[in-house]
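Asker: Return a 3D structure for these sequence lines:
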Amino acid sequence: MPSYSRSHLADHVLLRALTTAVTQDRATTAEMLALIAEVEHRRLYAGEGFSSMYRYCVEKLLMSEDVACKRILTARAARRFAAIIPAIAEGRLTVSTVALLSTHLKTEHGGAILSQALGKTRADVELLIAERFPKPDVPTTLVPVACSAVPTQVEPPQNDTLALAEASAQVVANTDGLSAPGRITPVGGFSNSAPSEPLEPQRRVAPLSPGRFELRLTISQDLHDKLKRAQELLGHAVPSGDIPQLLERALDVLIAQQEKLKFAATNRPRAARGPSQDPRHISAEVRRAVSTRDDGRCTYVSESGHRCQSRTRLEYDHEIPVARGGAATVANLRLRCRAHNQLEAERMFGAGFMEEKRNGSRDGRTYN
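Answerer: Model (predicted):
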């Protein structure tokens, strides 16, 4: 294992080595961004068994979630503004500042904003964004964090200083006890705008201890009212109004409903009906069997043997396409995420044909 101790270096040598390393790091970062931009543009991550560039960076390249997001956002911005990568190599821009600007670079003033950001620190860029895209003042709020012995109901404080914040609220987990009820506290803070092209959902659930997690989110007035109504309707079953219990009950219903809708999941399956006249129709019996066999996960496996981990945006893919006589049978169907369903279609029909279809009628038909 190489030694990274530099205690033997003379002062002037150490400083010169550090300057060289920083310069090389900038050049390496610039090259990495160029490669990320091109790999994503060609969608090469799909062929390696990953459903998105984000997953490829995190799972294959072992980047942290935050680093992957910033680099991908910067690489995307660099495809629109070629000056970004040279500026990063020269130290006039950083990945963090470009990621911070990424949403605003999509506006008609993107070029001017980028020019103003050259050579500025992150704090300077935040001021630049505040000047060009001002937000309302944040009202003064006082949010108690001490554990209350009495479960707090979904009732916003009637305080004039919170009047502007009634349309949003934050669920604050009470973590002093192992199973203390959550509470809803109106807040008036505004976060930075999220990218209009989301990479992957940012993690909002933080582990506290084995089997215990903290959840924080901002909710609308409508959701606030629905939570309050749920507390009223479940007053006998959940007399404390415990928000985690309400969420768990609601998610149990939602998950069962969606699994039934997407995969025809049920504990009491009906007898199979006769074959459909529509060759694209997939019967409930077949959907259940395929979902169970594929374990509710994309079945794409790369040449290196990596199976896609995606369990979201799953679609039923015909191994032999319907256009070529393929039937909607268990043997001919498999689960694929959107990215790998598209990849298979491009391999079968050609990338040009699929791009034409995507940019053409967009009538919702699936060519698989």
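Asker: Could you pull up the residues touching residue 265?
Answerer: Listed by CB atoms under 8 Å, 6 or more residues apart in numbering, the contact partners of residue 265 are 256, 259, 288, 291. The C-beta positions use only the backbone N, C-alpha and C, and glycine is treated the same way.
Asker: Pull the number of nearby residues for residue 232.
Answerer: Residue 232 has 11 neighbours, counted by other CB atoms under 10 Å.
Asker: swap that for residue 16, please
Answerer: Residue 16, neighbours per other CB under 10 Å, totals 12.
Asker: Quick check: what element follows the helix or strand hosting it along the chain?
Answerer: Assessed by DSSP states H and E, residue 16 sits inside helix 11-42. Sequence order places helix 44-47 as the next helix or strand after helix 11-42, per DSSP H and E.
Asker: for that following helix, packing partners?
Answerer: Judged by 3 or more CB pairs under 8 Å, 6 or more residues apart in numbering; DSSP states H and E, the packing partners of helix 44-47 are helix 338-349.
Asker: buried set for the helix it packs on?
Answerer: Within helix 338-349, the residues scored as buried using 16 or more other CB atoms under 10 Å are 338, 339, 340, 341, 342, 343, 344, 345, 346, 348, 349.
Asker: how close does the last one sit to residue 239?
Answerer: Between residue 349 and residue 239 the computed distance is 59 Å (CB to CB, to the nearest Å).
Asker: Name the nearest of the buried residues of helix 338-349 relative to residue 276.
Answerer: The nearest member of those to residue 276, counting by CB to CB, is residue 341 at 21.1 Å.
Asker: Quick check: that closest one vs residue 313, distance?
Answerer: For residue 341, the distance to residue 313 - CB to CB - is 9 Å.
Asker: what about the stretch 151-300 of the chain, any weak spots by pLDDT?
Answerer: 151-204, 272-275 (pLDDT under 70).
Asker: can you pull out the strands in it?
Answerer: 168-172, 183-186, 205-209, 212-215, 218-220 (DSSP state E, counting those that start in this stretch).
Asker: Adjacent strands (with direction) for the third one?
Answerer: According to DSSP bridges, the neighbouring strands of strand 205-209, each with its direction, are strand 212-215 (antiparallel).
Asker: Residue 319: neighbour count?
Answerer: Using other CB under 10 Å: residue 319 sits among 14 other residues.
Asker: now, among the buried residues of helix 338-349, which is nearest to residue 270?
Answerer: For those, the minimum distance to residue 270 (CB to CB) is 28.0 Å, reached by residue 341.
Asker: what sits up against the helix or strand containing residue 79?
Answerer: Of the helices and strands defined by DSSP H and E, residue 79 is found in helix 65-80. For helix 65-80, contacts defined as CB under 8 Å, 6+ apart pick out 32-34, 36-37, 40-41, 53-54, 57-58, 61, 63, 84-85, 88, 95-96, 98-99, 101-102, 105-106, 110, 195, 197, 199-200, 202-203.
Asker: Same question for stretch 121-130.
Answerer: Stretch 121-130 has contacts (CB under 8 Å, 6+ apart) with 94, 96, 97, 100, 101, 104, 113, 116, 117, 120.
Asker: now it, how far from the centre of its chain.
Answerer: Chain-centre distance of stretch 121-130: 25 Å, with CA atoms, centre = their mean, to the nearest Å.
Asker: Could you tell me which residues within that stretch count as buried?
Answerer: Per 16+ other CB under 10 Å, stretch 121-130 contains these buried residues: 125, 128, 129.
Asker: Format the residues you listed as CSV; extra columns: pLDDT, secondary structure and distance to residue 135.
Answerer: Putting the buried residues of stretch 121-130 into CSV (pLDDT from 0 to 100; DSSP: H, G, I helix; E, B strand; the rest coil; distance: CB to CB, whole Å) gives the following:
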residue, pLDDT, secondary structure, distance to residue 135
125, 91, helix, 15
128, 90, helix, 14
129, 89, helix, 10
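Asker: what would the residues you listed look like in CSV with distance to residue 5?
Answerer: Shown next, in CSV, are those (distance: CB to CB, whole Å):
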residue, distance to residue 5
125, 36
128, 41
129, 42
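Asker: of all these, which comes closest to residue 23?
Answerer: Nearest member of the buried residues of stretch 121-130 to residue 23, counting by CB to CB, is residue 125, at 22.3 Å.
Asker: What's the mean pLDDT across the helix or strand that contains residue 85?
Answerer: According to DSSP H and E, residue 85 maps onto helix 84-90. Regarding helix 84-90, the rounded mean pLDDT is 97.
Asker: continuing past it, what's the next helix or strand?
Answerer: Next element after helix 84-90 (DSSP H and E): helix 95-101.
Asker: hmm, who's touching the helix or strand following that following helix?
Answerer: Next along the chain after helix 95-101, taking DSSP H and E as the criterion, comes helix 110-117. Here helix 110-117 makes contact (CB under 8 Å, 6+ apart) with 80-81, 83-84, 93, 97-98, 101, 104-105, 107, 124-125, 128, 132.
Asker: got it, and stretch 311-322?
Answerer: 51, 262, 279-280, 282, 287, 290, 296-298, 326-328, 332-338, 340-341, 344-345, 348-349, 366-368.
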